[in-house]
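*Asks:* With the sequence up front, the predicted model follows.
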Amino acid sequence: MPGGRLTQQERQQIATGLGDGLAYAEIARRLDRPTSTVTREVMRNGGPTAYRSDLAHRATERRAHRRRQSTPRGPESPRQEHGRDPEAVREFEETFTTILMGQGLPKMIARVLTCLTLTDAGSLSAAELVQRLQVSPASVSKAVAFLETQGLVRREQEAGRRERYVVDDDVWYQSILAAARSTSELGEAAREGVGVLQPGTPAAERLESIARFLDFVSEAVARAAEQAREVLHTQSPAPTGGPEDA
């Protein structure tokens with residue numbers, strides 16, 4: 001599989017593939033690249049409807065130039081634990097952040113969630129996030145506040161008044177339940193609108209159809225999340241290995 005940055009020719013092939021309506025996975029297969037590489041490339045350069053290979057290539061060169069100017073060199077470079085490749089980690093952080101942005105998260109919120117998710121501890125203080133992301137405390141505070149409302153981050157009180165922001169194994173479960181609740185609330189609102197717009201009218205019938213659909217989806221999503229959590233969190237009994245157990 002070829003490594004390194006995408007070439008201008010590869011970017012032209014991506015643009016052609018998007019124009020032909022190909023999925024990211026199919027474009028990646030034709031380029032012999034990971035799907036995540038194509039996804040990141042497209043989402044950080046205008047999305048599938050606005051992607052242009054020439055603009056994307058120039059933008060990437062500008063980002064690389066800025067990174068060379070701002071990244072510390074030699075012994076000052078950030079250390080990576082467990083023998084991780086710093087460049088590979090940075091590339092994956094960009095990929096994960098870009099995919100989160102494709103799901104609708106603003107860039108700063110996506111960066112904070114990525115940073116928390118990829119730490120071994122699964123938690124960071126506000127000061128640590130500020131230092132890692134090189135952003136203002138206010139930016140971190142706003143991002144964390146939003147992530148809390150989505151069930152993606154929780155706070156833990158440390159000694160004194162300091163807080164740590166935590167993601168754990170239940171973070172996506174809680175987020176999916178929050179999304180299911182929001183969907184259910186929208187369905188309830190649609191059903192209320194049926195009475196306002198008079199049952200039997202075209203607009204009321206449309207709202208009734210929306211309400212039924214959203215009710216079904218929210219219940220199915222919540223049920224699937226519960227089942228997945230139960231299955232994935234079930235621990236198999238550890239074998240004792242004693243002769244009486246044979």
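*Replies:* Sure, I can see it.
*Asks:* mean confidence score for stretch 126-141?
*Replies:* Stretch 126-141 comes out with an average pLDDT of 92.
*Asks:* by contact count, what packs against the helix or strand hosting Asp215?
*Replies:* Element membership for Asp215, per DSSP states H and E: helix 202-233. Secondary-structure packing of helix 202-233 (3 or more C-beta pairs under 8 Å, 6 or more residues apart in numbering; DSSP states H and E): helix 171-196. For glycine as for every other residue, the C-beta is placed from the backbone atoms N, C-alpha and C.
*Asks:* and the helix holding Asp215 with helix 171-196, angle?
*Replies:* If you take axes from the mean of the first three to the mean of the last three C-alpha atoms, to 10 degrees, helix 202-233 sits at 160 degrees to helix 171-196.
*Asks:* mind listing what's buried in helix 202-233?
*Replies:* Buried residues in helix 202-233, counting neighbours by 16 or more other C-beta atoms under 10 Å, are found at Ala204, Leu207, Glu208, Ile210, Ala211, Leu214, Asp215, Ser218, Val221, Ala222, Ala225, Arg229.
*Asks:* how about TSV for these, with pLDDT and distance to Ser53 added?
*Replies:* As requested, the buried residues of helix 202-233 are exported to TSV (pLDDT from 0 to 100; distance: C-beta to C-beta, whole Å):
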residue	pLDDT	distance to Ser53
Ala204	95	48
Leu207	96	43
Glu208	96	46
Ile210	96	39
Ala211	95	44
Leu214	95	39
Asp215	95	44
Ser218	95	40
Val221	94	37
Ala222	93	42
Ala225	91	39
Arg229	87	42
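*Asks:* between those residues, which is nearest Ser175?
*Replies:* Within those, proximity to Ser175 (C-beta to C-beta) peaks at Ala225, which comes in at 9.3 Å.
*Asks:* looking at it, that closest one is touching Ser175, isn't it?
*Replies:* No. If you go by C-beta atoms under 8 Å, Ala225 and Ser175 don't touch, sitting 9.3 Å apart.
*Asks:* picking up where we left off before, show me how far the helix holding Asp215 is from its chain's centre.
*Replies:* Distance of helix 202-233 from its chain centroid, counting by C-alpha atoms, centre = their mean, to the nearest Å, is 22 Å.
*Asks:* before we move on, what about stretch 184-194?
*Replies:* Once both centres are worked out by C-alpha atoms, centre = their mean, stretch 184-194 turns out to sit 28 Å from its chain's centre.
*Asks:* what residue ranges in the protein score low on pLDDT?
*Replies:* In the predicted model, the chain carries pLDDT under 70 at residues 1-4, 63-81, 160, 235-246.
*Asks:* go again using 50 as the cut-off
*Replies:* 1, 73-77, 236, 239, 241-246 (pLDDT under 50).
*Asks:* Which residue ranges of it form helices?
*Replies:* 8-19, 24-31, 35-43, 53-70, 86-102, 107-117, 126-133, 137-149, 171-196, 202-233 (DSSP state H).
*Asks:* Make CSV from those helices and add distance to Arg155 to it.
*Replies:* CSV is the format used below for these (distance: least, C-beta to C-beta, whole Å):
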stretch, distance to Arg155
helix 8-19, 41
helix 24-31, 35
helix 35-43, 30
helix 53-70, 31
helix 86-102, 20
helix 107-117, 12
helix 126-133, 10
helix 137-149, 7
helix 171-196, 13
helix 202-233, 22
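*Asks:* ok, the residue nearest in space to the middle of the chain to Asp54 distance?
*Replies:* Compute the mean C-alpha point of the chain, and by C-alpha atoms, centre = their mean the closest residue is Leu100, 2.9 Å away. To Asp54, Leu100 is 27 Å away according to C-beta to C-beta, to the nearest Å.
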